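A.B. asks: kindly return the folded structure for what I paste below:
(2 chains)
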Amino acid sequence: MAEPILQTQSLTVTAGSRTLLRGVSLSIHEKQVFGLIGPSGAGKSTLLKCLNRLLELTPALKVSGVVRFHGESIHGPTVDADALRSRIGILFQQPIVFPKSVFQNVVFGVKHLGVIQKSALPEVAEQALREASLWDEVKDRLHQPALRLSVGQQQRLCLARTLASQPEVILMDEPTSALDPKSTEAIEQLIVRLKKTHTIVLVTHNVRQARQLADQLACICLRDGAGEVISQGEPCDVLCSNCAPEIEAYLAGG
Amino acid sequence: MHRKLIHHGFRFFTGLCALACCSVLMTLIWAIVQRGWPAISWRFFTEQILLVGADGGIFYNILGTLILLATTVVVSTPLALGLALLHGVYLQGNRWRSHLTLLIYVLNGVPSILFGIMGFIVFVHYLDWGKSWLSGGILLGLIIVPTVTVALVERIASLPSCYIEAAAGLGLRQSQIIRFVILPQSINGLVTGTLLGLARAAGETAPIMFTATIFAGATVPNAVKESPVLSLPYHIFILAQDSFDPSVSAKIWGTALSLLGIVFLLSLIALPARLKIHEEAHHG
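C.D. replies: From the prediction side, this is the model:
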């Protein structure tokens, strides 16, 4: 099998004397959807933010262990964390749109990365909005405030904003948990389509979603107060395994 | 029953506090308008002082005060921005933050006459500027720095951290996050703080009386050294202290009314901008 695009080895996150994540080792392969499931508070979002060094915005948390992107440690001395984050984009649980117009939101990241001419921005915005299946809905109100869009549209706008920077990996932190069923379906269809061109790490609470979308799945549960990977592999193996009582309890809604 | 009585009693008391403050303000405004209005005329605003304040107008006093206030904004804005960003973005530990907060409050507590003395020593003597509009502006700027900083710090602290996370997640550098996320959304705090500060600075007499302003004879400054300006508060101070001429009395009140008018006008000018910022921040 090809070398994984993202890999973690013995990744541990601590907050003072408390351990949040313990010894997480995962291999995420290119152009796949890698699902992360597990109960609330098990550290799924924390793990996700380790993968693009976004966790460093919270200085109280200490990360140890290795995260490799294309085989190279992301904590290496020559790695620029900001540049890394533009290659590993993130989509949050709640859509975070800036109090600006739709257009300004889409180009917010790419404009400041300095890789694209200003005159090319409208084209980039259109392409990103099309990729996020939002173009037809917003093409006539690109210059209206983005906060007037529905929550489902806002989440797709956030996805378009991330896509505009052309990341290789997109981290998604429960991207549909704040959305209605129709918007959820739209995002799920997008994930299936985006898989052809991007690697996606999807944190979800929704077992159906994990089963349907993920090519590989890892289940993170609490053991001795810290999140650990209990099981990983093909979704049907992880979700059917009877080996770990934590997974059974989680699947049973406990 | 007892509890209800305390509740109503307390509510009555808080209402009384508000009433007391409002009535002081209203009485003050009414007294100034009533006494100052007769002095207000076109000539009053366009002529210079004549007959030691008994005749003529306060054109150069208004201009001087405006020059001082403009300098104040130029001095206070970068300092307050720097302090607020240091507090809200760069200082990570709570200990250093609380040290900085203490420093800001101590600076706020320094009596303005001490700023005047400091300015007298540093600008008038050490730098040998004599009386200069620039030293007055710098001192007033320093005086309002805490007010502007506190308003900015509060605004930055109330910014949802998710905005910063989202911008960082797109690969923006910290300097870009400050420039494109934090500052645009904190501008409201800067405007509010500056207005509050300017309202105070406009009336300050102590820091400028030894350093920047004289009673008569100054027009538009064209240098830094030996370039004093006239000002509204010093004009009121000198006339009220030294003049026994009853015809001057109307001029004093007229000057006070003009000072009040400038402060209100500043707030009014910034109002549309503030409302617009508020709307953008809350409703897109």
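A.B. asks: from here on, just use CA atoms for contacts and neighbour counts.
C.D. replies: Will do.
A.B. asks: for the stretch 151-254 of chain A, what lies in contact range of chain B?
C.D. replies: Contact residues, the stretch 151-254 of chain A versus chain B (Cα under 8 Å from any Cα of the partner chain): A:162, A:165.
A.B. asks: for whichever residue of the stretch 151-254 of chain A sits closest to chain B, give me its contacts.
C.D. replies: The minimum distance from the stretch 151-254 of chain A to chain B, using Cα to the nearest Cα, falls at A:Thr162 (6.5 Å). By Cα atoms under 8 Å, 6 or more residues apart in numbering or on different chains, the contact list for A:Thr162 reads A:89-91, A:106, A:109, A:170, B:170.
A.B. asks: make it 6 Å
C.D. replies: Counting by Cα atoms under 6 Å, 6 or more residues apart in numbering or on different chains, A:Thr162 makes contact with A:Gly89.
A.B. asks: report the buried residues of the host helix or strand of it.
C.D. replies: Using DSSP states H and E, A:Thr162 sits in helix A:151-164. Across helix A:151-164, burial judged by 16 or more other Cα atoms under 10 Å in any protein chain shown covers A:151-164.
A.B. asks: what's the neighbour count on B:Leu16?
C.D. replies: Per other Cα atoms under 10 Å in any protein chain shown, the neighbour tally for B:Leu16 reads 12.
A.B. asks: dump the residue contacts of it.
C.D. replies: Under the criterion of Cα under 6 Å, 6+ apart, B:Leu16 has no neighbours.
A.B. asks: quick check: the residue of the stretch 51-200 of chain B nearest chain A.
C.D. replies: For the stretch 51-200 of chain B, Cα to the nearest Cα, closest residue to chain A: B:Gly171, 4.3 Å.
A.B. asks: what does that residue show for phi and psi?
C.D. replies: Per-residue torsions, B:Gly171: phi 100, psi 10 (degrees, to the nearest 10).
A.B. asks: is it true that it touches A:Ala81?
C.D. replies: No - the pair B:Gly171 / A:Ala81 is not scored as a contact, 7.9 Å apart, by Cα atoms under 6 Å.
A.B. asks: same drill for these two, tell me which one is more crowded.
C.D. replies: Using other Cα under 10 Å, the more surrounded residue of B:Gly171 and A:Ala81 is B:Gly171, with 29 against 20.
A.B. asks: which residues touch the more buried one?
C.D. replies: Contacts for B:Gly171 (Cα under 6 Å, 6+ apart) come out as A:82-83, A:85-86.
A.B. asks: now do the phi/psi pair for A:Pro39.
C.D. replies: Main-chain torsions, A:Pro39, degrees, to the nearest 10: phi -70, psi 160.
A.B. asks: do you know the pLDDT at it?
C.D. replies: A:Pro39 carries a pLDDT value of 86.
A.B. asks: any idea how far it lies from B:Leu83?
C.D. replies: Distance, A:Pro39 to B:Leu83, using Cα to Cα, to the nearest Å: 42 Å.
A.B. asks: contact residues of chain B facing chain A?
C.D. replies: When proximity is defined by Cα under 6 Å from any Cα of the partner chain, chain B lies next to chain A at B:169-171, B:173, B:284.
A.B. asks: could you dump the residues you listed into TSV and include pLDDT?
C.D. replies: Converted to TSV, the residues of chain B next to chain A look like this (pLDDT from 0 to 100):
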residue	pLDDT
B:Gly169	92
B:Leu170	92
B:Gly171	91
B:Arg173	91
B:Gly284	42
